[in-house]
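Novice: what's the 3D shape of this:
(2 chains)
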Amino acid sequence: MAFLRAFGRYLPARVVSNVEIGAHLGVEPSWIEQVSGIVERRFAADDETAVDMAERAALHCLQSAGAPAGDIGMLIMASGTGARRFPGPAAVVSHRLGLAGVPALDLPIASAGSIFGLCLAAQLTPSHGNVLVVAAEKLSEVILRQPVEPGTAALFGDGAGACLVSTSGGTAEILSCTMHSDGAFAEDLRLDFGGPVVMNGRSVILQASRKIPRCILQVLEQTEIPPGRVGAFILHQANRNLLDAVSRALGVPPDRFYCNIQRYGNTSSASMLIAASEWSETAGSRSGEPLVFAGFGAGFHWGALVAVGVPA
Amino acid sequence: MDMQERIRGIIAKIAKREVTIGPDESLFDSGVLDSFALIDMVGLMEHEFQVKIPDSDLNPRKLSSISRIESYLETLK
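Specialist: Just a heads-up that it's a prediction; the model follows:
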């Protein structure tokens, strides 16, 4: 058995409005909100790295769990914006947390990193003990590289999220998860060395709008839970309109989908865990109520997880 | 009704307006469809033409004009 024990997050202090980024990129602020639902995003300070943000989110998660770092048996670190080819940020975050000797695994797959991390953690926690999944992105550092694609650059922000997965109890028990990849679309969303984020938005939307509902239905069918019974859908925060499309495809009211994209933009791998952390402090899981997590991103990689709230 | 007219009818239903662009004009550049309308258009086309469009064929270029949609649908027959 595996449980979602606690979540954590860190958002940098600097708020960047659509007016500010729109002036920089030459796009209308209202257009950004119309096509994505984004009103503002956070940008990290110049000297603040993805590792710094990951450490802050990890510490917040451990504090929420009431667990010392010494209880961690494995670290999984998702980031598409690591500062170098190797070693990835996992080793450095692990060192910052004092986890000498604990295996630390990088998942450099961008937006689906959190859902892949949770799915892997659910499989690995029986053999490794508590698995800390951390996701952090400093996209502000890469979106303004030349040649800038204004319609893409306007969507992204910085931040970090974390989740502690455990066999020894938590707020929700993981019932089923699924992961998928298809490299046929690898060119449609990518970050090359030294370049900006390149995105074929129409291709991403077309594929995501099919693959996300399909993998959610897969885990719900495996657990014989109809979509209408799910209390909260916590998805990668890519685009408000995409969340609405997924809700229509599943026949579920859009208000079941937690959404904070208006405040943070698309923080890639970090977004789902940031959303989960906020959700856990406002609504949170209720005993017997199913929860769904899902993500989709570059690769393409995508996946979903269903959990059910356990008695406090 | 020929296939192009049926396709035009589907697009008009999604765009909620009459579609007067030529068969080779871009549905995107002309502002008739955006990315999210494209999702709905694919669903309606599958229903109207009783076909299943596989994920591997969900390429915006194949669906960028009325004539390209027609050509693609012909391959599914």
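
Novice: C-alpha from now on. contacts and neighbour counts both.
Specialist: Fine.

Novice: who's in contact with the residue of the stretch 151-300 of chain A found nearest chain B?
Specialist: The minimum distance from the stretch 151-300 of chain A to chain B, using CA to the nearest CA, falls at A:Arg202 (5.0 Å). Applying CA atoms under 8 Å, 6 or more residues apart in numbering or on different chains to A:Arg202 gives the contacts B:35, B:60.

Novice: from A:Arg41, how far off is it?
Specialist: Distance from A:Arg202 to A:Arg41, counting by CA to CA, to the nearest Å: 22 Å.

Novice: how about A:Asn239?
Specialist: 13 Å.

Novice: host element of the residue in the stretch 1-150 of chain A positioned nearest to chain B?
Specialist: In the stretch 1-150 of chain A, no residue comes nearer to chain B than A:Val35, which is 9.1 Å away by CA to the nearest CA. Assigned by DSSP states H and E, A:Val35 belongs to helix A:29-36.

Novice: return the set of buried residues in the helix or strand encompassing A:Gly22.
Specialist: Counting by DSSP H and E, the element that carries A:Gly22 is helix A:18-25. For helix A:18-25, the neighbour count (16 or more other CA atoms under 10 Å in any protein chain shown) marks A:18-19, A:21-22, A:25 as buried.

Novice: tell me if B:Ser30 really is in a strand.
Specialist: No: per DSSP: H, G, I helix; E, B strand; the rest coil, B:Ser30 lies outside any strand segment and is coil.

Novice: what is the burial count for it?
Specialist: Applying other CA atoms under 10 Å in any protein chain shown, we find 10 residues neighbouring B:Ser30.

Novice: quick revisit: ok, the very next helix or strand once past the helix holding A:Val35: who's next to it in the sheet?
Specialist: As assigned by DSSP H and E, the chain's next helix or strand after helix A:29-36 is strand A:40-43. Paired with strand A:40-43 in the same sheet, following DSSP bridges, are strand A:14-17 (antiparallel).

Novice: count of residues packed around the closest residue to B:Ser30 other than its chain neighbours?
Specialist: Using CA to CA, 6 or more residues apart in numbering or on different chains and skipping residues adjacent in sequence, the residue nearest B:Ser30 is B:Ile21, 7.9 Å away. Counted with other CA under 10 Å, the neighbours of B:Ile21 add up to 14.

Novice: state the three-state secondary structure for B:Ile21.
Specialist: Assignment for B:Ile21 (three-state DSSP): coil.

Novice: which helices and strands does the helix holding A:Gly22 pack with?
Specialist: helix A:29-36 (3 or more CA pairs under 8 Å, 6 or more residues apart in numbering or on different chains; DSSP states H and E).

Novice: can you pull the buried residues of the helix it packs on?
Specialist: Applying 16+ other CA under 10 Å to helix A:29-36 flags A:29, A:32-33, A:35-36 as buried.

Novice: okay, now the unreliable bits of chain B?
Specialist: Across chain B, the ranges flagged by pLDDT under 70 are B:1.

Novice: residues in contact with the longest helix along chain B: which ones?
Specialist: In chain B, with assignment by DSSP state H, the single longest helix is helix B:35-49. By CA under 8 Å, 6+ apart, the surrounding residues in contact with helix B:35-49 are A:201-202, A:205-206, A:209, A:241-242, A:245, B:7, B:10-11, B:14-15, B:51-53.

Novice: buried residues, it. List them.
Specialist: For helix B:35-49, the neighbour count (16+ other CA under 10 Å) marks B:35-36, B:38-42, B:44-45 as buried.

Novice: and if you look at stretch A:295-312?
Specialist: A:295-310.

Novice: and the pLDDT for A:Ala283?
Specialist: In this prediction, A:Ala283 carries a pLDDT score of 82.

Novice: same question for A:Leu155.
Specialist: 96.

Novice: report the closest residue of chain B relative to chain A.
Specialist: Across chain B, the shortest distance to chain A (CA to the nearest CA) belongs to B:Ser35, at 5.0 Å.

Novice: so how far is A:Ile205 from that residue?
Specialist: Note on B:Ser35: its distance to A:Ile205, by CA to CA, is 7 Å.

Novice: tell me if the residue of the stretch 151-300 of chain A closest to chain B really is in a helix.
Specialist: Yes: per three-state DSSP, A:Arg202 lies within a helix segment.

Novice: before we move on, the earlier item: okay, the angle between the helix holding A:Val35 and helix B:35-49?
Specialist: Counting by axes from the mean of the first three to the mean of the last three CA atoms, to 10 degrees, helix A:29-36 lies at 40 degrees to helix B:35-49.

Novice: what's helix A:29-36 in contact with?
Specialist: A:18-19, A:21-22, A:38-39, A:151, A:154-155, A:238-241, A:262.

Novice: so the residue most central in space within chain A, which state does it fall into?
Specialist: The centroid of chain A falls nearest to A:Met272 when counting by CA atoms, centre = their mean (3.2 Å). Under three-state DSSP, A:Met272 falls in the helix class.
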